[in-house]
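Colleague: need a structure here:
(4 chains)
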Number of protein chains: 2
Amino acid sequence: MQGPSAADLTAQAKIRTAAIAHFARDGFQKTNVRTIAATAGVSAGLVIHHFGSKEKLRAVCDDHVLRILTQRANSTSPAGLQELFGQYQSDPEEYHLHMRYMVRAIEEDTPAATTFVNTMVDESEQILRAGIADGSLRPSSDVRVLAVLSVLVSLTTLTMPAPLARTLGHEQAGPDLLRRIGLPMLEVFTRGMYADDSILKAAQAAWDDAQESPHPEKRDE
Amino acid sequence: MQGPSAADLTAQAKIRTAAIAHFARDGFQKTNVRTIAATAGVSAGLVIHHFGSKEKLRAVCDDHVLRILTQRANSTSPAGLQELFGQYQSDPEEYHLHMRYMVRAIEEDTPAATTFVNTMVDESEQILRAGIADGSLRPSSDVRVLAVLSVLVSLTTLTMPAPLARTLGHEQAGPDLLRRIGLPMLEVFTRGMYADDSILKAAQAAWDDAQESPHPEKRDE
DNA sequence: CGTCAGATTGAACGTATGTTTAATATGTCA
DNA sequence: TGACATATTAAACATACGTTCAATCTGACG
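Modeller: Take a look at the predicted model:
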């Protein structure tokens, strides 16, 4: 579409692209500079020459992916979660790569990951509050938690780990798998899973009890 | 309680315990044999002497954690997901460690991870079908997918990545955080998030359309 | 007691890998 | 053209780390 996906790129860009791909697929530790260089078609020394160190290269990749993902999220009016899935369908190849990269960054608790997560959760919370206000969403006892769970589910579903994907007969996460997941997930999000509210009521009661007697600690020890 | 948590263990057990802790917290790659040995209070050579190699040590740890987690899940009658949370509350320290270990294994797609995931998803599916049959759970268009999503949500909630935990004001996942998440999550699971079923209906319609015209491919290219 | 097998250690070894360096190519500008 | 900066490379360097080795310790058994 718009990106010179392979050739005729500046060497720095080629290296960065190669690094993002390898970091996303194999993780930062497993990826070595020579492999990145080979994928980019340059020498290992050049990678260091341009980026200073493997760690600094990671920082550049982090910022790059962060900018792409957050600007995507903000470009459309903040509709959030479903939009993420829509974005995915449009260009699964590249989007999946960036998502996978960011999930890896989250796992390793990188600064860019914190920024990304904060942005996503804040935006999600905002959307949820708006939906609750206009009556399209049900109220929640803790909207912030709901926002976190939404982001968590979105990220882990889009980048579903291989063992879970295989349980559904797919080799890895992809558009077909996402299509299959969509409907059952929407069913839960509109009607819930439990047929009655007995479990919820019990939990609410337990929660209210805990509020009355603040810190019972371990009463038998 | 029951485990000689520190001293008076055979050296092999001490090494294995140390390895599990480090693999869970820092990942397999970042952990080096000398660190494991130091934590276990032995020399690096002994680790290799007993386990052959770092990779074989990992395999032993995988099986050990796998056995503990799956036997826990099976010991109680298969009630599954909520039980996981219950187990967690009872001994958060150790359970969280093992869960975190297994999530790391899933991320790295280790054989034990596949076994664990298959076991969990199968068991979850079984429970869901039983619940649907006896009317306590709502029917789903794809129970298998629902089981996968249940496991995914359980695992990622119990071992919530640090950036997401921090968004809720917690330094990392723990009992307090879990307690806070419980109620909003149950709310979604009993009533859903969406106030009406317009989005679901739209998705169902789109899905039905796709069924009628099997493979439209890219019609404009 | 003597011997032997296994446990354990500290040092050495080999290699993978991040980084440095010296040299060469390339392109720009005066 | 000549000079200078930048890009680029191949080789060398340094180190972290998995593994091996030779030696020592410990405990069992005849």
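
Colleague: what about A:G174, how many neighbours?
Modeller: 15 (other C-beta atoms under 10 Å in any protein chain shown). (Glycine included, C-beta is placed from N, CA and C.)

Colleague: quick check: closest non-adjacent residue to it.
Modeller: Residue nearest to A:G174 in three dimensions, not counting chain neighbours: A:P92, with 6.6 Å by C-beta to C-beta, 6 or more residues apart in numbering or on different chains.

Colleague: show the contacting residues for the residue nearest the centre of chain A.
Modeller: Centroid-nearest residue in chain A: A:L155, 3.3 Å away (criterion: C-alpha atoms, centre = their mean). Residues near A:L155 by C-beta atoms under 8 Å, 6 or more residues apart in numbering or on different chains: A:99, A:102-103, A:106.

Colleague: and with 7 Å instead?
Modeller: Neighbouring residues of A:L155 by C-beta atoms under 7 Å, 6 or more residues apart in numbering or on different chains: A:V103.

Colleague: quick check: which ranges of chain A have low pLDDT?
Modeller: A:1-8, A:72-86, A:213-221 (pLDDT under 70).

Colleague: go again using 50 as the cut-off
Modeller: Residues of chain A meeting the criterion pLDDT under 50: A:1-7, A:77-78, A:217-221.

Colleague: show me what from it comes close to DNA strand D.
Modeller: A:11-12, A:41-46, A:49-50 (C-beta under 7 Å from any atom of the strand).

Colleague: change it to 10 Å
Modeller: A:9-12, A:14-15, A:29, A:33-34, A:37, A:40-50 (C-beta under 10 Å from any atom of the strand).

Colleague: of those, list those near DNA strand C.
Modeller: Checking these against DNA strand C (C-beta under 10 Å from any atom of the strand), the matches are A:29, A:33-34, A:37, A:43-49.

Colleague: thinking again about what came up before, helix or strand right after the helix or strand hosting the residue nearest to the centre of chain A?
Modeller: Assigned by DSSP states H and E, A:L155 belongs to helix A:143-158. Reading on from helix A:143-158 to the C-terminus, the next helix or strand found by DSSP H and E is helix A:162-167.

Colleague: name the helices or strands packed onto that next one?
Modeller: Packed against helix A:162-167 by the contact rule (3 or more C-beta pairs under 7 Å, 6 or more residues apart in numbering or on different chains; DSSP states H and E) you find helix B:111-133, helix B:143-158.

Colleague: how far is it from where the chain is centred?
Modeller: Relative to the chain's own centre, helix A:162-167 is displaced by 18 Å; criterion: C-alpha atoms, centre = their mean, to the nearest Å.

Colleague: can you name the element that comes right after the stretch of helix or strand A:R179 belongs to?
Modeller: Using DSSP H and E, A:R179 falls within helix A:175-191. Using DSSP H and E, the helix or strand that follows helix A:175-191 in sequence is helix A:198-212.

Colleague: is chain B within reach of that next one?
Modeller: Yes. Using C-beta under 7 Å from any C-beta of the partner chain, we find that helix A:198-212 touches chain B at A:199-200, A:203-204, A:207.

Colleague: please indicate which of the residues you listed are buried?
Modeller: A:200, A:203 (16 or more other C-beta atoms under 10 Å in any protein chain shown).
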